[in-house]
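J.: Need coordinates for the below:
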Amino acid sequence: MYDIRRLILLHDLAELTTMTAVSERHGITTSAVSQQMRLLEEEVGKVLTRRVGRVLRLTHAGRVLVDHTARIVAALEEAESAVAATGEAATGVLTIATFTSALTRLAIPAATWLRGDHQGLRVRLVDAVPVDSVSAVRQLEVDLAITYTYSFQTSVLPVGLESEFLFTDPLVLLAPAPLQERVRRHGFIAVADADWIAAPDGAPSVASIAFSCRQSGFAPRIEHRSGSFSAMAEMVDHGFGVTVLPEMAVPESAKHLIACPIANGAREIGVTYRRASLERPAVAAAIRALRTAAVPLHLAS
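T.: Numbers count the residues shown, from 1 in each chain. Okay, the predicted model is just below:
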């Protein structure tokens, strides 16, 4: 029997045409994608792709396999949902992936409600960045993912997935006390000459700093790097520089550092799931729980 995860990689390769694009979607290396494709060809016993210029195209055998893959994934989801729907109660194991700053404010409250209201349901939480969690939903490794997209970026979900908007998380400028009065008087441009604190290159939040500064016509001078939003706020508090963070990620102890909101800048928070899984009572209950947990966050945004 063919490995379902390899089939999904081939399906995405047909859509994206390069192994680099597939690796970015799934959060794995290009060499890992290449290795999985070689193993799948060994399983099938046929060549599945051919190179045409800079892209990969499916052979006839590859196209036949991809056509069946979409039906296989849908059938697996329908079977799981049908079995789960034989009883009205939400039971079994439900795995929710979430990014770090949504864990305490959204995922834990929703999971706590689910565990209390559905005694036969085991809820698992997994901390993961959106690009990895969407891939995990796609590959049937988790049931739902709490994700975000930036308001200034576009994103397209893989075929078979859907996302429901929950609330908006505004971007805010954090600045030490001596700079805050200048920001109030002159706006964001007041920090054009400041040192900046950012996440490591490649982290999604780096784009929010670039966007914010570009709107005001300057490029940030990034002097400090940290993978922790809390540590970034701590550096601001000690005068090392300024930064832009999602408001939900700002620790309570650092709220006094918020100098101003970022115009046109926000994270759109949502829940992503497989379309065919909605018939499963546990998935439907989880989405309801996330909507409920999001209400106070939506009102505060």
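
J.: hey, where'd the strands end up in this protein?
T.: 49-52, 55-58, 92-98, 121-127, 144-150, 161-174, 195-198, 221-225, 243-246, 258-274 (DSSP state E).

J.: how about the ones you listed in JSON lines, adding distance to Arg138?
T.: Just so you know, the C-beta spots here come from the backbone N, C-alpha and C atoms, and that holds for glycine as well. Output for the strands of the chain, formatted as JSON lines (distance: least, Cβ to Cβ, whole Å):
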{"stretch": "strand 49-52", "distance to Arg138": "20"}
{"stretch": "strand 55-58", "distance to Arg138": "19"}
{"stretch": "strand 92-98", "distance to Arg138": "11"}
{"stretch": "strand 121-127", "distance to Arg138": "14"}
{"stretch": "strand 144-150", "distance to Arg138": "10"}
{"stretch": "strand 161-174", "distance to Arg138": "6"}
{"stretch": "strand 195-198", "distance to Arg138": "29"}
{"stretch": "strand 221-225", "distance to Arg138": "30"}
{"stretch": "strand 243-246", "distance to Arg138": "24"}
{"stretch": "strand 258-274", "distance to Arg138": "8"}
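
J.: ranking those strands by burial, who's on top?
T.: Ranked by mean neighbour count under mean count of other Cβ atoms under 10 Å, these are led by strand 243-246, which reaches a mean of 27.

J.: Make TSV from the strands of the chain and add mean pLDDT to it.
T.: Listed next are the strands of the chain as TSV, based on pLDDT from 0 to 100:
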stretch	mean pLDDT
strand 49-52	90
strand 55-58	89
strand 92-98	94
strand 121-127	94
strand 144-150	95
strand 161-174	96
strand 195-198	98
strand 221-225	97
strand 243-246	98
strand 258-274	96
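
J.: Minimum distance to Ala14: which of these has it?
T.: strand 55-58 (5.4 Å; Cβ to Cβ).

J.: Excluding chain neighbours, what is closest to the most centrally placed residue in the chain?
T.: Computing the C-alpha centroid of the chain and ranking residues by Cα atoms, centre = their mean puts Pro130 first, at 1.5 Å. Spatial nearest neighbour of Pro130, chain neighbours left out: Thr147 (4.2 Å); criterion: Cβ to Cβ, 6 or more residues apart in numbering.

J.: Could you verify my assumption that the one you found touches Ser163?
T.: Yes - under the criterion of Cβ atoms under 8 Å, Thr147 makes contact with Ser163 at 6.8 Å.

J.: any chance you could map the helices in the stretch 201-301 of the chain?
T.: Secondary structure of the stretch 201-301 of the chain (DSSP state H, counting those that start in this stretch): helices at 206-215, 229-237, 281-300.

J.: ranking those by burial, who's on top?
T.: Of all the helices of the stretch 201-301 of the chain, helix 229-237 carries the top mean neighbour count, a mean of 20, counting by mean count of other Cβ under 10 Å.

J.: and that one, how far from the chain's centre?
T.: How far helix 229-237 lies from its chain's middle: 23 Å, per Cα atoms, centre = their mean, to the nearest Å.

J.: what angle sits between the worst-scoring helix or strand of the chain on mean pLDDT and strand 92-98?
T.: Of the helices and strands making up the chain, the lowest-confidence element is helix 60-84, at a mean of 78, by mean pLDDT, DSSP states H and E. Helix 60-84 and strand 92-98 are oriented at 120 degrees to each other (axes from the mean of the first three to the mean of the last three Cα atoms, to 10 degrees).

J.: Helix 60-84 packs against which elements?
T.: Taking 3 or more Cβ pairs under 8 Å, 6 or more residues apart in numbering; DSSP states H and E as contact, the helices and strands that helix 60-84 lies on are helix 4-16.

J.: and if we set it to 10 Å?
T.: If contacts are counted by 3 or more Cβ pairs under 10 Å, 6 or more residues apart in numbering; DSSP states H and E, helix 60-84 sits against helix 4-16, helix 30-44, strand 49-52, strand 55-58, strand 92-98, strand 258-274, helix 281-300.

J.: Can you tell me the strand partners of the third one and which way each runs?
T.: The partner list of strand 49-52 in its sheet, established with DSSP bridges, is strand 55-58 (antiparallel).

J.: and the strand it pairs with, how far out from the chain's middle?
T.: 27 Å.
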